[in-house]
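In: Okay, here's the prediction I keep looking at, along with the sequence it came from:
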Amino acid sequence: MVPFTAEHRANFSDTDAAGIVHFSTVFFWVEATEEALFRQLKLPFLRTEGAKLMGFPRVRVECDFLSPIYREDVVTVSLTPVEIGDKKLVWGFTAAVGERAVAKGALTTVYAWREGQGPMSAALVPLEIKTALQKHFTA
């Protein structure tokens with residue numbers, strides 16, 4: 001299975017006082033990579049129908065930080081599905097600067113909807129999304 005990858009450059013605003021990229025930035029890059037995948041596959045990342053909002057809120061994230069990332073480093077984030085389920089997607093991810101691994105982890109999302117500002121409710125991942133992801137990662 002070939003992962004989906006995207007490159008991100010570490011900017012000054014991503015760093016802490018020591019000049020090292022703040023850990024939370026890796027999570028932003030993982031989300032940006034996920035959104036780029038959806039964009040490439042022409043899938044809705046968020047969908048609205050009137051006051052109803054549907055999408056993939058995050059319910060779990062874990063990460064091992066393996067090596068520091070510095071300003072101007074180009075970080076390649078790779079996403080591979082661990083599970084394309086009926087109600088959730090679990091992504092395995094790695095981040096590297098060149099050949100140097102800098103982070104690895106997993107992100108779990110569930111498909112959910114809400115009406116207006118109401119509570120979120122889990123729902124089935126739309127078949128078009130599930131099928132497109134399965135096709136992309138098994139091709």
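Out: Happy to help now that I have it.

In: in the longest helix belonging to the chain, what counts as buried?
Out: The longest helix of the chain (DSSP state H) is helix 23-40. Buried residues in helix 23-40, counted by 16 or more other CB atoms under 10 Å: Thr25, Val26, Phe27, Trp29, Val30, Glu31, Thr33, Glu34, Ala36, Leu37, Phe38. No exception for glycine: its C-beta is placed from N, CA and C like everyone else's.

In: Check stretch 72-83 too.
Out: Buried residues in stretch 72-83, counted by 16+ other CB under 10 Å: Asp73, Val75, Thr76, Val77, Ser78, Leu79, Thr80, Pro81.

In: for stretch 53-67, same thing?
Out: Leu53, Met54, Gly55, Phe56, Val61, Cys63.

In: got the contact list for the third one?
Out: When the contact criterion is CB atoms under 8 Å, 6 or more residues apart in numbering, the partners of Gly55 are Phe45, Leu46, Arg47, Tyr111, Ala112, Trp113.

In: who's in contact with the least confident helix or strand in the chain by mean pLDDT?
Out: Every helix and strand of the chain was ranked by mean pLDDT, DSSP states H and E. The lowest is strand 47-49, at a mean of 91. Contacting residues not belonging to strand 47-49 are listed as Leu53, Met54, Gly55 [CB under 8 Å, 6+ apart].

In: Starting from whichever helix or strand comes after it, tell me which strands it pairs with and how they run.
Out: For strand 47-49, the following helix or strand on the C-terminal side (DSSP states H and E) is strand 52-55. Using DSSP bridges, the strands paired with strand 52-55 are strand 47-49 (antiparallel), strand 112-115 (antiparallel).
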